[in-house]
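1. Mind folding the following:
(chains A, B and C)
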Amino acid sequence: MKSKMTNREKTFWAVVIPVILLFFTFNTLPMLKGFLYSFTNYRGYGDYDYVGFRNYIDLFSDARVGKSYLFTFKYALAGTVLVNVLSLIMALGLNNHIRFKSALRGIYFVPNILGGLVIGYIFSFFFTYILPAVGNTFNIGWLQNSILASEKYAWIGVLIVGVWQAVAMNTIIYISGLQTVPEDVYEASSLDGATKWQEFWKVTLPLVVPFLTINLVLSTKNFLMVFDQIMSLTKGGPAQSTESISYLIYRNGMDGGQFGFQSANAVIFFFVIVAMSIFQMTVMNKKEEQL
Amino acid sequence: MSKRKIAKKVAAAFGLMLCVAGLTGCGQTSSDGKIEVELVSYKPEAVAAMEKIEARFNETHDDIHLTIDSPNEAMTILKTRFIRENYPDIVGIGGDINYSNFLDAGLFMDISDLDVTGDIKQAYADMDKELEFIPQDGVYALPYVANAAGVLYNKDMFEEHGWEIPETWSEFTALCEQIESEGIQPLYLGYKDTWTCLAPWNALAVGLTPSDTCAQVNMGNTTFTENYRETAEKTEALLQYAEPNPYAYGYNDACTAFARGESAMYTIGNYAIPQIKSVNPDINIDSFTFPANEAEEDNVLNSGIDLQFCVMKETKNKEAVYEVLRFLYEDETINIYLDDQGGIACKEGEFELPAELEGMRAYIEAGRMTDYQDHHYPSEMSVDAMIQTFLLDESDSAVDTFLTRFDTDWARYNRDLIRKVQDYQKEQG
Amino acid sequence: MKDEKRTNWVLTIVLILGTITVFFPLYMAFIIAFKQPSEMTNDVAGALAFPSRWSFDNFRQAMEVTDFWRSLGNSLLITVATIVLAIVIHSIAGYVIGRGMAQRKSFRLIYLYIVSGMFVPFSILMMPLVKQTAQMGLGNRLGVILLYVVFYMPMNVLLYTGYLKNIPIALEEAADIDGASTWTTFWKVIFPMMSPMHATVAILTALGTWNDVMTPLVIMSGTGINTLPLAQLNFQTQFGTNYNLAFASYILALIPILLFYIICQKQILNGVANGAVKG
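-> Numbering: from 1, shown residues only, chains lettered A, B, ... in the order given. Have a look, this model is predicted:
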């Protein structure tokens, strides 16, 4: 029996070691290299010098980087809240006693399977030509100008597309959450004479909190990393008002000769994502325990 | 049952994968025994001309096989390839900051021993010299074709209405107002693509500031606030003659609008002409130098090297590469390119000037030309977006905000360069 | 009690009307793809009207310009290979780590190490990876596939180990006593039992890789190899103003995944839900 277990263990290690090596080579190693580059003035080609913490100091005084963080956070916050409210409503609707339930669920999931880039191009046309045309026809002033051309509101255009795509996924997750709520809980509560509203707050919501955690973490992370929509809708404009962190790292790191500087930006971005995720999970875990 | 289903699916997936792999397979077979020379050109719009040149070269050469690639987003692709240390033999790039950077990084080979470098027009050889951060010995680029930027106008429309070509700034604004009063849009701008903001900016700046402004700033002798105010104000003044909300439309939209006669003029370079003509082949276009000043004799034409060839240091086939360059620099080859793309040849000799540049002929022949200011701007500083930001800023202090930002950002993005230049000066004593 | 189960018609109708938000952009893209540039007008009615003639010219032209079949082939190759490798490698890894965790602390650490990879944004890996894959000769489709296998490893290992908790260890012990090796036990007993999770992993991985732009963009740029989304990106920069041609190309790019979705809709929805519940 003992030798059997060692054999088993041997097999285990034989599997785990190559897997770790693979993971290390293409995940941890480049991350460490990125960390190293962040202390250089490397352009990506040619030679370079180590510049100590200069890139990090610059990061905090760089208005463009600051702006991209502001945009990304504004976008992620608004997106996460909107997506979760909308998808919870959608899930409640789609989980109700309705006809064509599976067909409707199927249709509402479509935006999620379509690629962000192509969807962005389609919406870009919609924002630039169709909406202003609607504005002109019905004389609605604020619609007459393309929303993507406005420094103030372009981010809302990007947000609409991001939310349109993300709601689908979260709705499905909430639906599976709602399905774990046993029918008799509702029956019990309706016997107690609870209104629908009370029922939602007292019965439904606490039971879907674990799914809320997943959804919050997932959508925050996805929104923070927004890239495709920026690439197809605004390319960071107008006036650099919609440059997301990922987009800036790509644009200036690969194309603009800021390999070293943007590596530093990426390192900070990494810590931000880790911190956000841990924060959300701790808070939600506490909430779960309380309930 | 589900087991079998999965197994089936996996098997099907594998089968499909193999089929596809077989279908698409590697398509790169090296032609037998020939020396391969790879040229990457950054001008996707010139792909047709480049293909013609490539075919002609390969027809006439048995020992060398030339491949010319003109990908989209070529600069990103080139830089990514440099990051990967995967170099082509020759690159066709513009005479701009990228050239300066690549040269500074030691990527290019000295080609002064190539005979045809003696045929380069002096004005363009000088422009390349000015692009060197630190003065270098030798020749590192073969300037091919230059472009010129100013104002393109719809000739038929001008003749029909009897409008005069303006020679001073006030004549220009008066013209715009007249055009407007006749119910026609004077300008159509494609400011959604930020780089187009630089077109009028450059064309104005060459007339309003010294050509070595950036170098002088790097040496600490002047500031942009001192030099760029008028350029900024005049760039802003153009907005009142453009379509409402130009930030909604891109370069392609603007070219299309101008081609369809929706505007009388377009402040852009001659490089836009093929794009415009692709929409409306019959349009009759001419151009004039941007009248930036109140006195005609102060105006300068904005012209720079649009395409030049540089040889990568890593190339293993110097002789074959030189043969390619000699072929490219034959008058006939240059004419293939000019016929397709227009522009001004950078080689000494008689080359036909495109009809669309007739209005700039006097300037070109007299050599009253200065390189684009933005050829000295670091790309990561994104001056194009800064100009767009400035144009969108409607407050009274917009110009001041912009100029201050220009100076502070410049100092930061050029820090390593400024240090290098000053070290070099110290070394030289 | 039966009364409560009555169909809520008001809600049904509201939800049906709501599908306009999904269909409208697609409808718009669809009709634009069929129109000619001369049919494009600047008023609402004109923009939404049917094309005067249903012609596939735009599609034919778009297919030529984007080299559609080749891009499709590349996308298929990358996605399918990633899925197959993900199912095989990640399920073994999930199994070994999951079972090992129960006994040894070192496996617990390995689990945490791999799963924490979920927080690593691609942006930080991007630039070093471009250099590294090129040096290893992986700046190609194989490189992209390998990278996907690594990127999806944290999520998939999490899913598999989570699912493994539902499979009683007694089954393996029984097989052990019969003298089967660990390998045989895994392939004969555990791997088939994990099939619901295989479906989930396949679907989540497929949705992510099929639509991904950034990885192939930076890893394969300049090699002339396009995936379907990459072809759209290149197309857009080159022919951006011919909206009719562009939209034909977009529609073409959307069709494969839409077809796949229509065929496997049930599995996909279940798979996604499954991933959420188990994760």
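2. hey, what's B:G269 bridged with?
-> Residues in a beta bridge with B:G269, per DSSP bridges, are B:A149.
3. What's the local residue count around it?
-> Neighbourhood size, B:G269 [other Cβ atoms under 10 Å in any protein chain shown]: 23. Just so you know, the C-beta spots here come from the backbone N, C-alpha and C atoms, and that holds for glycine as well.
4. tally of neighbours for the closest residue to B:E171 other than its chain neighbours?
-> Counting by Cβ to Cβ, 6 or more residues apart in numbering or on different chains, B:P291 is the residue found nearest to B:E171 once chain neighbours are left out, at 6.4 Å. Residues near B:P291, counting by other Cβ under 10 Å, number 25.
5. again with C:A174
-> 13.
6. who's in contact with the helix or strand in which it is found?
-> For C:A174, the enclosing helix or strand under DSSP states H and E is helix C:170-177. Residues outside helix C:170-177 that contact it (Cβ atoms under 8 Å, 6 or more residues apart in numbering or on different chains): A:K4, A:R8, C:R99, C:T184, C:T185, C:K188, C:V189, C:I190, C:M193.
7. how about 10 Å then?
-> A:1, A:4-5, A:7-8, C:95, C:99, C:168, C:180-182, C:184-186, C:188-190, C:193 (Cβ atoms under 10 Å, 6 or more residues apart in numbering or on different chains).
8. chain center to the helix or strand containing B:C310, what's the gap?
-> Element membership for B:C310 (DSSP H and E) is strand B:301-311. Put simply, strand B:301-311 sits 8 Å off its chain's centre (Cα atoms, centre = their mean, to the nearest Å).
9. hang on, B:Y99 packs against B:L131?
-> Yes - taking contacts as Cβ atoms under 10 Å, B:Y99 lies within contact range of B:L131: 5.6 Å.
10. residues shared between the contacts of the two?
-> What both B:Y99 and B:L131 touch, as defined by Cβ under 10 Å, 6+ apart, is the set B:Y140, B:A141, B:I305, B:H375.
11. of these, list those near chain C.
-> The subset of the shared contacts of B:Y99 and B:L131 within reach of chain C, counting by Cβ under 10 Å from any Cβ of the partner chain, is empty.
12. So which residues of the stretch 1-150 of chain C form helices?
-> Applying DSSP state H, counting those that start in this stretch to the stretch 1-150 of chain C gives helices spanning C:9-18, C:20-34, C:44-48, C:57-66, C:68-85, C:91-103, C:105-115, C:122-135, C:141-151.
13. neighbours of the nearest residue to B:A411 once chain neighbours are set aside, just the number please.
-> Nearest residue to B:A411 in three dimensions, chain neighbours excluded: B:I418, at 7.3 Å (Cβ to Cβ, 6+ apart). By other Cβ under 10 Å, 17 other residues sit near B:I418.
14. B:I418 and B:R412: what is the separation?
-> 10 Å (Cβ to Cβ, to the nearest Å).
15. Please list the residues of the stretch 1-150 of chain B that sit near chain A.
-> Contacts of the stretch 1-150 of chain B with chain A, taken as Cβ under 10 Å from any Cβ, map to B:73, B:75-85, B:87, B:97-98, B:101-107.
16. can we see that at 7 Å?
-> Neighbours of chain A within the stretch 1-150 of chain B, by Cβ under 7 Å from any Cβ of the partner chain: B:M75, B:T76, B:K79, B:T80, B:F82, B:I83, B:N101, B:A105, B:G106, B:L107.
17. What residue in the stretch 51-200 of chain C comes nearest to chain B?
-> C:A134 (3.2 Å; Cβ to the nearest Cβ).
18. Who are the contact partners of the closest residue in space to that residue that isn't next to it in sequence?
-> Using Cβ to Cβ, 6+ apart and skipping the chain neighbours, the partner closest in space to C:A134 is B:R84 (3.2 Å). Counting by Cβ atoms under 7 Å, 6 or more residues apart in numbering or on different chains, B:R84 touches C:V130, C:K131, C:A134, C:G139.
19. Dump those residues into TSV; add pLDDT, neighbour count and distance to B:D62 as well.
-> Listed next are the contacts of B:R84 as TSV, based on pLDDT from 0 to 100; neighbours: other Cβ atoms under 10 Å in any protein chain shown; distance: Cβ to Cβ, whole Å:
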residue	pLDDT	neighbour count	distance to B:D62
C:V130	88	25	37
C:K131	87	20	38
C:A134	87	19	33
C:G139	85	26	32
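20. Check those and tell me the two furthest apart.
-> C:K131 and C:G139 (9.7 Å; Cβ to Cβ).
21. related to what we said a few turns ago, can you tell me which of the helices of the stretch 1-150 of chain C the model trusts least?
-> For those, mean pLDDT drops lowest on helix C:44-48, to a mean of 75.
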